[in-house]
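Q: sequence unavailable; structure follows:
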């Protein structure tokens with residue numbers, strides 16, 4: 001899904017778009033500690049390049065990550081020496097031990113293609129929680145909130161590089177296709193990247209049913225980090 005070239009510019013792209021990884025991670029920590037004040041062990045599933053995980057590590061005694069895309073996992077592992085960053089698929093990963101909190105952010109859950117996969121992923125995450133532990137998932141858009149044909153563009157700079165991004169999103173039934181093109185300029189010249197994200201529109205009821213099947217009491221927080229809301233479950 002993610003190439004080494006894209007992993008190299010991933011955070012720059014979203015930094016230019018105004019994403020604040022530190023503020024988001026601190027918001028998630030507040031959500032967790034409101035429900036489990038003693039929480040000190042956290043697992044971040046689909047941790048990407050480890051930008052959120054790095055913040056979690058500053059505030060908690062023990063953190064780990066899971067990431068399927070090897071180029072992204074390698075960036076996270078280099079960034080966080082001593083922090084276990086496992087290669088794994090959210091649908092069926094199995095780690096030793098349990099955690100006080102498990103997170104899956106930035107609509108990574110949307111890469112599941114069916115309700116069965118959604119349930120498998122949420123079940124896998126919940127299995128790694130102690131009773132009373134907190135599961136926080138940031139969903140992709142609900143079907144009624146998705147805008148078919150949405151286009152956007154961003155450009156900006158950070159350090160010695162400049163990036164410009166344009167994107168177009170379309171819907172095919174439950175499936176959404178987010179087609180993005182990037183121009184990245186730096187001291188060595190200009191490169192062009194393209195990335196097609198395929199994400200699935202699940203209903204709020206389908207998410208809630210998946211949490212229930214995973215033995216979690218669940219609430220939905222409107223707005224959340226990026227306008228898509230947050231599902232917060234407590235393991236029974």
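A: Here it is on my side, so go on. All values derive from a computational prediction rather than experimental measurement.

Q: quick one, phi psi at the residue nearest the centre of the chain?
A: Centroid-nearest residue in the chain, with Cα atoms, centre = their mean: residue 105, separated by 2.9 Å. Here is the backbone geometry of residue 105 (degrees, to the nearest 10): phi -110, psi 180.

Q: check which helix or strand residue 71 maps to.
A: helix 70-79 (DSSP states H and E).

Q: next SSE downstream of that helix?
A: By DSSP H and E, the next helix or strand past helix 70-79 is strand 85-87.

Q: before we move on, the earlier item: for the helix holding residue 71, which outside residues touch it?
A: Residues outside helix 70-79 that contact it (Cβ atoms under 8 Å, 6 or more residues apart in numbering) are 2-4, 6-8, 10, 47-50, 53-54, 65, 67, 83, 85-87. Just so you know, the C-beta spots here come from the backbone N, C-alpha and C atoms, and that holds for glycine as well.

Q: which among those end up buried?
A: 2, 6-8, 10, 47-50, 53-54, 65, 67, 83, 85-86 (16 or more other Cβ atoms under 10 Å).

Q: now the strands for this structure?
A: Taking DSSP state E, the strands of the chain run over residues 41-45, 62-67, 85-87, 99-104, 129-137, 150-158, 161-172, 175-186, 189-200, 216-221, 230-235.

Q: which one of those lies closest to residue 35?
A: Closest approach to residue 35 among the strands of the chain is made by strand 129-137 (5.1 Å; Cβ to Cβ).

Q: buried stuff in stretch 118-133?
A: Within stretch 118-133, judged by 16+ other Cβ under 10 Å, the buried ones are 118-126, 128-129, 133.

Q: what's the angle from the helix holding residue 71 to strand 62-67?
A: 160 degrees (axes from the mean of the first three to the mean of the last three Cα atoms, to 10 degrees).

Q: just the pLDDT for the residue nearest to residue 106 when sequence neighbours are not counted.
A: Leaving aside its chain neighbours, residue 106 sits nearest to residue 138 (6.1 Å; criterion: Cβ to Cβ, 6 or more residues apart in numbering). Reported pLDDT at residue 138 in the predicted model: 98.

Q: burial count for residue 138?
A: 23 (other Cβ atoms under 10 Å).

Q: that older thread, contacting residues around the residue nearest to the residue nearest to the centre of the chain when sequence neighbours are not counted?
A: Take residue 105 and drop its neighbours on the chain: the residue closest to it by Cβ to Cβ, 6+ apart is residue 138, 4.7 Å away. Counting by Cβ under 8 Å, 6+ apart, residue 138 touches 104-109, 224-226, 228-231.

Q: in those residues, find the pair that's most separated.
A: Going by Cβ to Cβ, the pair spanning the contacts of residue 138 furthest: 108 and 229, at 14.6 Å.

Q: what is the nearest of the buried residues of stretch 118-133 to residue 38?
A: Nearest member of the buried residues of stretch 118-133 to residue 38, counting by Cβ to Cβ, is residue 133, at 10.6 Å.

Q: check contacts around the closest one.
A: 36, 39, 98-102, 234-235.

Q: next, format those as JSON lines and append distance to residue 188.
A: JSON lines is the format used below for the contacts of residue 133 (distance: Cβ to Cβ, whole Å):
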{"residue": "36", "distance to residue 188": "47"}
{"residue": "39", "distance to residue 188": "44"}
{"residue": "98", "distance to residue 188": "46"}
{"residue": "99", "distance to residue 188": "41"}
{"residue": "100", "distance to residue 188": "44"}
{"residue": "101", "distance to residue 188": "41"}
{"residue": "102", "distance to residue 188": "39"}
{"residue": "234", "distance to residue 188": "49"}
{"residue": "235", "distance to residue 188": "48"}
